[in-house]
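1. Got a predicted model here, sequence first, then my questions.
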Amino acid sequence: MDLITVYIPTKNRAYMLDRALISLKYQSYNNLEVIVVDDGSDDNTYEIIKRFDKCFINLIYIRNEVSKGACYCRNIAISRATGTYICGLDDDDEFVPERIEMLRDMYLNNKYSFISSCFKVIDKKGSFNSSFTGEVTLSNLYRYGNISGPQVFTSVEKLKSIGGFDESFPSCQDYDCWTRLVEAYGNGLVIPQVTYIQHKEHDNPRISSSKRVIDGRRMYIKKHRDSMNIIDIIMIYKLLYVRLFKTSILKKYE
């Protein structure tokens, strides 16, 4: 069984990190290396991690004394990864038990740059499932945004070769990273099974709900514009204007 690395950046979310690690403990595929990068927490994060010492083949804890951001943490974990394959997990989210095994099997049996899946979003209004399935091409990434979801499964070699996540982005780093994987290694694939649960019902801040996503989209357009055709450019600007409109409406009623 190939060793698979799972990286988790975290900061002051000990009670949610516990849930994330439990979801890894009960994976049907258990040859796991788990790398948790603590971005300067001042809660009981370390105590939570110590509870899982014997649950994985390898559990690595890295702490930043000064907070440097989630993508810095992800890149540190990627640089330390010794697995053949790799996937990420946000500290406030969780995997369903079959996720890693299912994505690994699909990755090995196909020639895609990465494998992802549909995911469930739980917020204060209820829950819903993502709807995109099928091949992730450059064109549909440009036109429809981050259809790959919050995390993907790929090889350590591929993720290292593209330089991991771009830390200069204020948001949309995952969107940019998945795009560069497709640029370098061909289409990705999103399978219809829901294997990732994204929690948004808590009050902790998330980049995806902040106005920083607008600046991230602008940087994404600037970085990838030379690879886009005119329809791609029109569609991605449409996505940006929709985000600007929604942000201005929310700001009006704050």
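-> Perfect, I can see it now. Numbering: from 1, shown residues only.
2. ok, now how distant is residue 125 from residue 198?
-> For residue 125, the distance to residue 198 (Cβ to Cβ, to the nearest Å) stands at 14 Å. For glycine as for every other residue, the C-beta is placed from the backbone atoms N, C-alpha and C.
3. Residue 193 in helix, strand or coil?
-> When classified by DSSP: H, G, I helix; E, B strand; the rest coil, residue 193 comes out as strand.
4. I meant to write residue 29 there.
-> Of the three states, residue 29 takes coil under three-state DSSP.
5. and it, how many neighbours?
-> Neighbourhood size, residue 29 [other Cβ atoms under 10 Å]: 17.
6. which one is it nearest to, not counting chain neighbours?
-> Closest residue to residue 29 apart from its sequence neighbours, by Cβ to Cβ, 6 or more residues apart in numbering: residue 101 at 3.8 Å.
7. rewinding a little: what's the overlap in contacts for residue 125 and residue 198?
-> Counting by Cβ atoms under 8 Å, 6 or more residues apart in numbering, residue 125 and residue 198 have no contacts in common.
8. The two: which is more packed in?
-> Comparing residue 125 with residue 198 by other Cβ under 10 Å, the one with more neighbours is residue 198, at 20 against 9.
9. Is the more buried one in a helix, a strand, or coil?
-> From three-state DSSP, the assignment for residue 198 is strand.
10. all strands for the stretch 1-150 of the chain, in order.
-> For the stretch 1-150 of the chain, the strands defined by DSSP state E, counting those that start in this stretch occupy 4-10, 32-38, 58-63, 85-88, 94-95, 115-123, 126-129, 134-136.
11. Need the mean per-residue confidence for stretch 14-29.
-> In this model, stretch 14-29 carries a mean pLDDT of 97.
12. Show residues contacting that stretch.
-> Contact with stretch 14-29 is made by 1, 4, 6, 8, 10, 32, 34, 36, 41, 43-45, 47-49, 51-52, 55-56, 89-101, 104, 199, 202, 204, as judged by Cβ under 8 Å, 6+ apart.
13. hang on, the earlier thing: could you dump the strands of the stretch 1-150 of the chain to TSV with distance to residue 152, mean pLDDT and mean neighbour count?
-> Below are those laid out as TSV (distance: least, Cβ to Cβ, whole Å; pLDDT from 0 to 100; neighbours: other Cβ atoms under 10 Å):
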stretch	distance to residue 152	mean pLDDT	mean neighbour count
strand 4-10	12	98	25
strand 32-38	17	98	24
strand 58-63	21	97	15
strand 85-88	7	98	24
strand 94-95	13	98	22
strand 115-123	4	96	20
strand 126-129	17	95	10
strand 134-136	9	97	18
